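K.L.:
Below: sequence and its predicted model.
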Amino acid sequence: MAYQYHNNSQSSSDRAIEKFSEMMISRLEEAKTNNWQKGWIGGEGNFGMPQNLNGRNYSGTNSLFLFMDTAINHYAAPVYMTFLQKEKEGLRLKKGSEAMPVIYWDMSIKDGNGKKVSVADYKNMSKAEKEACEIRPFLRSFRVYNIDQTNMQEVNKEKYDQIIARFQSPKIADTEGMYQNKALDRMFERQEWLCRIQYDKPSDGAYFSPSRDMIVLPQKGQFKKGTSESEIYKDGMEFYSTALHEMAHSTGTEERLNRNIHNHFGDPKYAKEELVAELSSAMVGNTMGFDRRIQDNNVAYIDGWLKALHEEPKFIVSVMADVNKASNMILEKVDAQKIALGESPILGAKHVEPPDLTQGKHKTQTVASSKTEKQGEEKKAITASVYKLPTGSYVIQASVNGQNLDQKPIDNKTAVTYLRLSDDSQKATMLSSIVKDKYGDELQHPKAERQVSTGLKL
């Protein structure tokens, strides 16, 4: 199978990449003048990923730069729409509104005879037929506008307020008044990240050791340096931001995402890895409601990052490819914790107004909670959720007595049929059938959750 890349100069996708590169350069230049007080994104966090008007999450590169656009322009929420969606809603754009680009990968496919093939037909080909095809991945882009660039707040305030409410971050503090993230706390306590995380002993700094495959973090209390209630609360965010940064580094080992992580601080070859970890931490943290401030020791890399972006705008595409993989690996594990806590997952949660269950809205349901047929066996509480991944595929996640089982893929037809059901009893019956089909004996003899070593490919 041959892979080639289009090089259409001045295409809409090229202009989109230039826009993203310019935004990143602007953030880095600002870092040099204000000590990065506002963080990578430039805001306070949004508690959720950027979405389109129908509630579907944007992912990867688009997610990061729509976050930035929202913060730079002080929009109330990272919710965007196309020009046609604006027309359908009967809205008008405010004077001077400029669109943001959204990019996605498309494919030009030709079979062994040079005949063009649709993506749908390619998927139905045999392995031999696919091997004979020539595939040319290329970027496409389209334009979107934030809801605050329209008059929605005036003409449909009820809908506008409902959208904004989705992104309000609940304020949860620990006994010291520091920000608390229960999903990450649970992950650390149960040691359910890809490698061991030491977080409960004093340490002079945070780092990931590839040789030991281990993350070392200072204790959370060591981050408490503020004097006001607000500062102390944000100190807690710095603890989790630092953890996410080191977790991003740990995704880069050879058996995981295989990035160049064996160089050391100050090594020019390591500069890109630091940028990947910084942006991954920022993107994941922002979905949880907090922004990441650049680490002091990474200020040394800023000039190098700026030089690379100025000389080759597509450098940001290479960086973001790694950021997307690392971020999704982290978010997958965070989602497993959120599901175990009875919370909606970040990647799978879809908020749609009006409801459109084909976009992946899901509900965690109790499938069973009763004694088994064998006398004396303990009661098993089985819960499960069906949700949609950024790749467009559907999965089911089940747990037995709070112990997560592996995610299982389910076909789109089954998932959409289940999600469209309005009768709760019918949904429970169908969900129970899916769980039994996908998990079988695992429901009676669940194994410990495996540590996954691959990320979602976007």
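P.N.:
Perfect, I can see it now.
K.L.:
drop to CA atoms for contacts and neighbour counts, all remaining ones
P.N.:
Noted.
K.L.:
could you measure residue 407 against residue 398, distance?
P.N.:
Using CA to CA, to the nearest Å, residue 407 is found at 7 Å from residue 398.
K.L.:
If you count surrounding residues, which of these two has more?
P.N.:
Higher neighbour count among residue 407 and residue 398: residue 398, with 27 against 19, using other CA atoms under 10 Å.
K.L.:
who does the more buried one bridge with?
P.N.:
Legend: beta-bridge partners of residue 398 under DSSP bridges are residue 384.
K.L.:
elements contacting the strand ranked longest in the chain?
P.N.:
Ranked by number of residues, the top strand in the chain under DSSP state E is strand 134-146. Applying 3 or more CA pairs under 8 Å, 6 or more residues apart in numbering; DSSP states H and E, we find strand 134-146 packed against strand 2-3, helix 12-34, strand 79-81, helix 83-88, strand 100-110.
K.L.:
now the helices for the protein?
P.N.:
Ranges of helices in the chain, per DSSP state H, are 12-34, 60-72, 83-88, 119-123, 127-131, 152-155, 157-165, 182-190, 229-250, 271-287, 302-311, 315-340, 412-420, 424-439.
K.L.:
Check these for me and report the most buried one.
P.N.:
Comparing the helices of the chain by mean neighbour count (mean count of other CA atoms under 10 Å), helix 271-287 comes out on top with a mean of 25.
K.L.:
Can you pull out the residues in contact with that helix?
P.N.:
Residues lying outside helix 271-287 but in contact with it, judged by CA atoms under 8 Å, 6 or more residues apart in numbering, are 40-41, 44-49, 63-64, 240-242, 244-246, 248-249, 259-261, 291-292, 294, 298, 301, 304-305, 319-320, 322-324, 326-327, 330-331, 346.
K.L.:
any idea of the mean pLDDT for that helix?
P.N.:
Mean pLDDT, helix 271-287: 91.
K.L.:
angle of it against helix 315-340?
P.N.:
Per axes from the mean of the first three to the mean of the last three CA atoms, to 10 degrees, the angle that helix 271-287 makes with helix 315-340 is 40 degrees.
K.L.:
Now do helix 271-287 and helix 60-72, the angle between them.
P.N.:
60 degrees.
K.L.:
ok so, going back, wait, which of the helices of the chain is closest to residue 215?
P.N.:
helix 229-250 (6.6 Å; CA to CA).
K.L.:
Which residues outside that closest one are in contact with it?
P.N.:
Here helix 229-250 makes contact (CA under 8 Å, 6+ apart) with 173, 177-181, 184, 194-195, 206-208, 210, 213-215, 217, 220, 223-226, 261, 273, 276-278, 280-282, 284-285, 290-293, 326-327, 330.
K.L.:
Could you list the low-pLDDT ranges of the stretch 201-350 of the chain?
P.N.:
Residues of the stretch 201-350 of the chain that meet the criterion pLDDT under 70 lie in 262-269, 295-298, 348-350.
K.L.:
just to revisit the earlier point, right, and the helices and strands packed on strand 134-146 - which one's nearest residue 168?
P.N.:
Residue 168 lies closest, by CA to CA, to one member of these: strand 79-81, at 13.0 Å.
K.L.:
which other helices and strands contact the closest one?
P.N.:
Counting by 3+ CA pairs under 8 Å, 6+ apart, strand 79-81 packs on strand 51-52, strand 134-146.
K.L.:
if you compare these, which one is most tucked away?
P.N.:
Comparing the helices and strands packed on strand 79-81 by mean neighbour count (mean count of other CA under 10 Å), strand 51-52 comes out on top with a mean of 22.
K.L.:
tell me what that one is packed against?
P.N.:
strand 79-81.
K.L.:
And the strand it packs on, how far out from the chain middle?
P.N.:
The chain centre lies 17 Å from the centre of strand 79-81; the measure is CA atoms, centre = their mean, to the nearest Å.
K.L.:
Give the buried residues for that strand.
P.N.:
Judged by neighbour count using 16 or more other CA atoms under 10 Å, the buried positions of strand 79-81 are 79-81.
K.L.:
Now it: average pLDDT?
P.N.:
96.
K.L.:
And stretch 31-40, by the same measure?
P.N.:
71.
K.L.:
Also stretch 428-436?
P.N.:
For stretch 428-436, mean pLDDT rounds to 81.
K.L.:
So that it lines up with my notes, have the first residue be 22 from now on.
P.N.:
Got it, first residue is 22 now, which makes that one stretch 449-457.
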